[in-house]
Every structure is written in C-alpha cells, then in structure tokens.
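1. Fold the stuff below for me.
(one chain, ligands or ions: 1)
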Amino acid sequence: MASVTYDFTGSTIAITGAARGLGAHMAREFARAGADLALCDLEKTPAGLDYDTSTPGELAAIEEEVRELGAQTVSMAVDVRDEGQIQEFFAAAASKLGDLDVFVNNAGVFVGNMPVTETSEEQWDLAIDVNLKGPFLCTKHAVQSMVDGGRVIIIGSTSSLIGIPYQVPYQASKHGVIGAVRTLALELAPRGITVNALCPTVAHTPMLEYLAREEASYYLDEVARLAGAFTIFPGVEAIEPEDVSGATMWLASPAARYVTGAAFALDAGYTIK
Ligand SMILES: NC(=O)c1ccc[n+]([C@@H]2O[C@H](COP(=O)([O-])OP(=O)(O)OC[C@H]3O[C@@H](n4cnc5c(N)ncnc54)[C@H](O)[C@@H]3O)[C@@H](O)[C@H]2O)c1
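-> I've put the predicted structure just below:
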C-alpha cells in the first residue's frame, strides 16, 4: 500500500482541544510534517460535564513534544465558549507565528446518552455552546488571521449526518456545524478560504473511554438497536486518531484546494446502513 507524506513547512496551523485525543494526535502529525502550531485547550472541566477534560499540564506536554519535533509554538488556556480568550489566542498566534494557514476546530464535548425527558437545559447549553458556538466564535477570529487564502476544518461527527437516539444536545450541536460549514464555504470562497467538516464515527480517544464507561447501560444498547453498529468492519469497534488526522492533513493540503462546503463521513460505514 502507498504511503503518504505531507510537507507543511512554513505553514501555521491552529488547533483547538489540542491537549489530548484527536487534537493532540493532529498536532504531532502536523509538527512531523514541518508546521508551526498554535494550540489551545481548557484549563478546567466545564460545569455539568461528568468526565474530566484536559489539564494545563497535558497541553504543556503536547507543546513540548511538538517543539521537540521542530515546531514553533504558541499555546494558551482557552475555553472556546469565551470570545475574549479566543481573540487573545489568535492575536498571540499571529504575533508570534504570522498569518494563519489552517484552522482545525477540534474541541468538543459529549454530554451523555439519555432520553430527552431526562436531558437538562444545562446539558443542552453545554453541547451547543462548546460544539456549535465554539466553532462559530473560533472561525470568526481565525479567518481574520488568514491573509493569503486558508483552510477551516471543523471536526463534526457521524452525529452531524444521521439521527442517533438519546443524544439530543450532541446531535443538534453536531448537525448545526454542517449548516455553518456550508454557509461559511460560500462566504469565504472569494477570499480563497475553504471550509469543510470531517465526521468521524467513534474513535479511540479519552472521549470514547468516557462513552465506554456507559457501555453496559440500557441507552447504549438502545442506540445500537436503533442505529446499528458503529462500524461495518468485522472486529473493528472504532477508528483510530490517525484516520482523522490523515483526512485533516489531506484537506489542509494543496490536493484539496477546490474541496469546500463538504461533510466527509470518516465512519467505517456507520452512516450507510
Ligand atoms: N472520539 C470519538 O469517538 C469522536 C467521534 C466523533 C467526533 N468526535 C469529535 O472529535 C473532537 C475531538 O474529540 P476527542 O475524541 O479527541 O475528545 P477528547 O475528549 O479526547 O478531546 C477533546 C478535547 O477538547 C477539549 N475541550 C472540551 N471542551 C472545550 C472547551 N470548551 N474549550 C476548549 N477545549 C475544550 C478537551 O479538554 C479535550 O482536550 C470533538 O469535537 C468530538 O466531538 C469524537
């Protein structure tokens, strides 16, 4: 099988939620390919979430790793619900690393599987604020640092593409980003900026460890009964972070220069059933 290598030397790439999971994997891969990186993540777990998000120590460790791989870096504690912090992050990135070439909106939260009757307003607000308002606010400021075209890549989910029961807030937030992607693609094409979404099925990350904790629950069984298995490949329960970072790098590369407004299912067949 052919191997693919990219050269992002001279490119500046910003990634949210970069301290762990898919974001950390992308940061390492882009650094290996020569990019400079602006990385941000949360300082503390948001109220209402029943698993831990990253710690400042985790973001510092990823920054150290990518610096050792040769990247120049900016890193900052940013909550993607906070426009002031976002503005400060992109301003610091532009001042230290120059114009932005690629923005990867990766930060996200999963607020749980539960029937709508047991879903709180707090869970709804949290999912919408992080997974939908976050991409809006971050893209708004990221594109102001894109001077000579650019790429916006938003990490959606198979929950952006099909109905999956017992996840109303997550589903609504992830469907919402597709509307934003299509609109932004039209609006930003005159500036040479492409905007796309990648929609993974379950992937091996800390977020999946949280989901797996609930695996024995009635709701996950019901999710599987109504929406089927998360992959159609025998023996494959989830995809890997490299499956998402590979697609991200392709979208960021010259090969995808005219790809815009798309939502790609990286779903091991989940949504075709
Ligand atoms: N892992 C999966 O199964 C899966 C499947 C489909 C889509 N996704 C999406 O992929 C993206 C990455 O998920 P992951 O699996 O790596 O999850 P993860 O929990 O392992 O990592 C997500 C990162 O986002 C950060 N984050 C959360 N809220 C934030 C906020 N308000 N501001 C800044 N940072 C914040 C977390 O601290 C964490 O470091 C998310 O958008 C998620 O919805 C994940």
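
2. what about the host helix or strand of V181, distance to the chain center?
-> Assessed by DSSP states H and E, V181 sits inside helix 168-188. Relative to its parent chain, helix 168-188 has a centroid offset of 13 Å by CA atoms, centre = their mean, to the nearest Å.

3. what lines up beside the next helix or strand after it in the sheet?
-> Counting by DSSP H and E, the next helix or strand C-terminal to helix 168-188 is strand 193-200. Strand pairing for strand 193-200, determined by DSSP bridges: strand 150-155 (parallel), strand 263-266 (parallel).

4. and among the ones you listed, the most buried is which?
-> strand 150-155 (a mean of 27; mean count of other CB atoms under 10 Å). To be clear about C-beta, it is placed using only N, CA and C from the backbone, and glycine gets the same treatment.

5. Show the average pLDDT along that one.
-> Strand 150-155 carries an average pLDDT of 98.

6. what angle do that strand and helix 168-188 make?
-> Going by axes from the mean of the first three to the mean of the last three CA atoms, to 10 degrees, strand 150-155 is angled at 170 degrees with respect to helix 168-188.

7. just to revisit the earlier point, just checking, what packs against the helix holding V181?
-> Secondary-structure packing of helix 168-188 (3 or more CB pairs under 8 Å, 6 or more residues apart in numbering; DSSP states H and E): helix 121-128, helix 134-142, strand 150-155, strand 193-200.

8. Of all these, which one is nearest G246?
-> G246 sits nearest to strand 193-200 of all those, at 10.1 Å, using CB to CB.

9. after that closest one, next one along is what?
-> Using DSSP H and E, the helix or strand that follows strand 193-200 in sequence is helix 206-213.

10. Contact residues of the stretch 51-200 of the chain facing the ligand?
-> The stretch 51-200 of the chain has residues 53-54, 78-81, 106-109, 130, 155, 157, 200 near the ligand, with proximity defined as CB under 6 Å from any ligand atom.

11. just checking, which of those belong to strands?
-> Members of these lying in strands (criterion: DSSP state E): 155, 200.

12. my guess is A38 contacts A71, does it?
-> No. Applying CB atoms under 8 Å as the test, A38 and A71 come out as separate, 9.9 Å apart.

13. So for the two, which sits in the more crowded spot?
-> Neighbour count, other CB atoms under 10 Å: between A38 and A71, A38 has more, with 29 against 25.

14. wait, what's in contact with that one?
-> Counting by CB atoms under 8 Å, 6 or more residues apart in numbering, A38 touches 12-15, 73-75, 89-90, 92-93, 97, 100.

15. redo that, cut-off 7 Å
-> Remark: with contacts taken as CB atoms under 7 Å, 6 or more residues apart in numbering, A38 is in contact with 12, 14, 74, 89, 93, 97.

16. Verify the assumption that T260 is located in a strand.
-> No. Read with DSSP: H, G, I helix; E, B strand; the rest coil, T260 is coil and lies in no strand.

17. Next one: it from D243, what distance?
-> 22 Å (CB to CB, to the nearest Å).
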